[in-house]
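Engineer: Have a look at this fold, sequence not included:
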């Protein structure tokens, strides 16, 4: 039960409004730019999370990634693939194409925060 709703008497309230994702949110997520070969997650040192970016170039074990208009260089092991937008707000994480930390965290964020 959501924390801002106080239980009175009777049955618990229906949690569906907090768990169901609207079609407009799904459509908005599908419209975001995505390139299956270039879209990647990279670590964000500022908050310990991840940022989405596009690969600019590869040079050996280093990858240049464009993150919000700024090009940053990461080790190949730090870069993770992004799931196609059709998987955003997925109810079952096992359906995701990529199951990296960033992918699972992003799916939870877009599903439950929106």
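Structural biologist: Happy to help now that I have it. The shown structure was predicted, so the numbers you read here are calculated from the model rather than taken from an experiment.
Engineer: Might you list the low-confidence residue ranges for the chain?
Structural biologist: 1-8, 114 (pLDDT under 70).
Engineer: where exactly do the helices run in this structure?
Structural biologist: Using DSSP state H, the helices of the chain run over 16-19, 23-30, 101-112.
Engineer: which stretch among those comes nearest residue 62?
Structural biologist: If you check each of those against residue 62 by CB to CB, helix 101-112 wins as the nearest, at 19.0 Å. Backbone N, C-alpha and C define where each C-beta goes, glycine included.
Engineer: relative to helix 23-30, how tilted is the closest one?
Structural biologist: 150 degrees (axes from the mean of the first three to the mean of the last three CA atoms, to 10 degrees).
Engineer: Counting by contacts, list what helix 101-112 packs against.
Structural biologist: Under the contact definition 3 or more CB pairs under 8 Å, 6 or more residues apart in numbering; DSSP states H and E, helix 101-112 sits against strand 39-43, strand 50-59, strand 80-81.
Engineer: And stretch 73-88, end to end?
Structural biologist: 27 Å (CA to CA, to the nearest Å).
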